[in-house]
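Novice: turn this into a structure:
(chains A and B)
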2 protein chains.
Amino acid sequence: MKIGILGLGLIGGSLGYDLRSLGHHVLGVSRRLSTCEKAIALGSVNEASVDISLLAAAEVVFICTPIGLIVPQFQQLIDHLPVSTVITDVGSVKAPIVKAIAPQWSNFIGGHPMAGLAESGIEAAQRDLFVGRPYVLTPDETTPKTAIAIVEEIVRSLGANLYYCPPDEHDRAVSLISHLPVMVSAALIATCMGETDTHVLQLAQNLASSGFRDTSRVGGGNPELGVMMAQYNRQALLSSLAQYRQNLAKLTNLIEQSDWAALEFQLQANGKARPKFVE
Amino acid sequence: MKIGILGLGLIGGSLGYDLRSLGHHVLGVSRRLSTCEKAIALGSVNEASVDISLLAAAEVVFICTPIGLIVPQFQQLIDHLPVSTVITDVGSVKAPIVKAIAPQWSNFIGGHPMAGLAESGIEAAQRDLFVGRPYVLTPDETTPKTAIAIVEEIVRSLGANLYYCPPDEHDRAVSLISHLPVMVSAALIATCMGETDTHVLQLAQNLASSGFRDTSRVGGGNPELGVMMAQYNRQALLSSLAQYRQNLAKLTNLIEQSDWAALEFQLQANGKARPKFVE
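Specialist: Numbers count the residues shown, from 1 in each chain, chains lettered A, B, ... in the order given. Now for the predicted structure:
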């Protein structure tokens, strides 16, 4: 199959490696000529161009740009495609993208491979990035079964764990387990760096170990990515933050009231619940 | 030197291994006979007993019990010791312990090796646990220089990184980088497990990956330990929580107001500040 990839970063580049290994002919498009040249040299794509019309020959196109460029790039892309081309994207928020694209392109199905790394760019692309990772598809009632079947087969062939859900359920779920942690973690760093007693601040910096390191990791990550999550998933994130602030107020109350039995009960419940998410 | 260890768990047991390797004669006391037998069999101590009077022969005693037992065990211990014996403890909160013990025992110096693991008990004890880890000593103005020198030399010989500070500064610093993360992380788990839409909850469980895993780790840990931190470091933790809640309210405000430039500025500042704590 001829498959197009628009945006040759970590996800697009990794997708290219796997699709080529599976015997597909991969057409890549990047805004930068140097990225096109790298993608060819690395073997991530068969052909590459800065000219989006290269994708006219593709049966399926994956839009793998940063989330803010998905809709604008889609608008440019469709001038060059026959209506039979199946389009999918890899954006980490789905409702606004599906809402913008689905009414304009029948053969569109939103997607989200949960395979982010700290690194980005074609240099960070790797083979088998999607193996064993969740890959969410968010068709709506208008999405043709044939389009779903084609994207589903590709996703399965990558070794990913496939999930289907409506776009807004996806966005609420990732708000809880991906976007909320960024803000929770960011506020932790802000609190520690805001310590005004310089002796305590210095000591905190010297003593911080694995607990701080893990809890602060995502809050100290890529700022642009954090902003994009908040921007594109604003409502769901605000709702998660409101829930979170209530839960933190409850915990704080238990400590204020020295209600150690209730605090232990809550921490025990947490210990039991966590493996349902991460084990 | 004859060194006593009261409490043969992870920290006491590990200390025993290293002190023996350094050529000291190690006397261990545990409330359980089976733990005494294990400690001898494993080679963590030279002698062990459930009878606290075994420690009468020690020149230095490390109290390595859970934090709630440090003061009660100290009260029993001192009936058996000459006033020349140097006593130190390994509790993770220092002000309440120093306040209770220092007025009663001149040769006392509070300590805190930052070397916790998820596991506990003598079976989890390991050699070189303290190498390269922070070890805080919290003498006050009344602590004899000779007592400080003796404990300092032992701590250095373990390969730990030694820090000195007043007990309350220690407690405020660990409140920020160790106890606050537990509560922040606990509220994250509580929020996710509290999702009332079962489809979203199920999806969140399926999609959760490294971001959730790291941010939720310490909040899903040992409940007794979490409660003890809150109980013994209550004031400092409440103060850290108040600061944290203000910072989270600020971040939430930026998102409510769609002030993406200010959000990016804060996330960038976080990314710059974090390495001062963990790298």
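Novice: beta partners for the residue in the stretch 1-150 of chain A that chain B sits nearest to?
Specialist: Of all residues in the stretch 1-150 of chain A, residue A:134 sits closest to chain B, at 5.0 Å by Cβ to the nearest Cβ. Placement of C-beta: from N, CA and C, glycine included. Beta bridges link residue A:134 to residue A:161 when assigned by DSSP bridges.
Novice: buried residues in stretch A:252-271?
Specialist: Judged by neighbour count using 16 or more other Cβ atoms under 10 Å in any protein chain shown, the buried positions of stretch A:252-271 are A:252, A:254, A:255, A:260, A:263, A:264, A:266, A:267, A:269, A:270, A:271.
Novice: kindly export it (C-alpha atoms) in CSV.
Specialist: Taking Å, rounded to 0.1, in the frame of the first residue of the first chain, the C-alpha atoms of stretch A:252-271 are listed here in CSV:
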residue,chain,number,x,y,z
THR,A,252,-5.5,18.8,53.6
ASN,A,253,-8.6,18.8,55.8
LEU,A,254,-7.8,15.3,57.2
ILE,A,255,-4.2,16.5,58.1
GLU,A,256,-5.6,19.7,59.6
GLN,A,257,-8.0,17.7,61.7
SER,A,258,-5.3,15.0,62.5
ASP,A,259,-7.7,12.4,61.3
TRP,A,260,-5.0,9.8,60.7
ALA,A,261,-7.4,6.9,60.4
ALA,A,262,-9.3,8.5,57.5
LEU,A,263,-6.0,9.6,55.9
GLU,A,264,-4.7,6.0,56.1
PHE,A,265,-7.9,4.7,54.6
GLN,A,266,-7.6,7.0,51.6
LEU,A,267,-3.9,6.1,51.1
GLN,A,268,-4.8,2.4,51.3
ALA,A,269,-7.5,2.9,48.7
ASN,A,270,-5.0,4.7,46.5
GLY,A,271,-2.5,1.9,46.8
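Novice: surely residue A:270 meets residue B:192?
Specialist: No: contact between residue A:270 and residue B:192 fails when scored by Cβ atoms under 8 Å: they sit 9.7 Å apart.
Novice: the buried residues of stretch A:252-271: which ones sit near chain B?
Specialist: A:252, A:255, A:260, A:263, A:264, A:266, A:267, A:269, A:270, A:271 (Cβ under 8 Å from any Cβ of the partner chain).
Novice: secondary structure element for the fourth one?
Specialist: The one in question is residue A:263. Using DSSP states H and E, residue A:263 sits in helix A:260-278.
Novice: other SSEs contacting that helix?
Specialist: helix A:234-256, helix B:180-193, helix B:198-207, helix B:210-216, helix B:223-232 (3 or more Cβ pairs under 8 Å, 6 or more residues apart in numbering or on different chains; DSSP states H and E).
Novice: who touches the longest one?
Specialist: Applying Cβ atoms under 8 Å, 6 or more residues apart in numbering or on different chains, the contact partners of helix A:234-256 are A:168, A:171-172, A:174-176, A:179-180, A:183-184, A:229-230, A:259-260, A:262-263, A:266, B:183-184, B:186-188, B:190-191, B:194, B:230, B:234, B:237-238, B:241, B:244-245, B:248-249, B:251-252, B:255-256, B:258.
Novice: just the terminal-to-terminal distance for stretch A:107-127.
Specialist: 28 Å (Cα to Cα, to the nearest Å).
Novice: err, stretch A:25-43, not the other one
Specialist: Per Cα to Cα, the first residue of stretch A:25-43 is 11 Å away from its last.
Novice: what's in contact with that stretch?
Specialist: Contacts of stretch A:25-43 (Cβ under 8 Å, 6+ apart): A:1-8, A:12-13, A:16-17, A:19-20, A:44-52, A:54-55, A:57-58, A:122-123, A:125.
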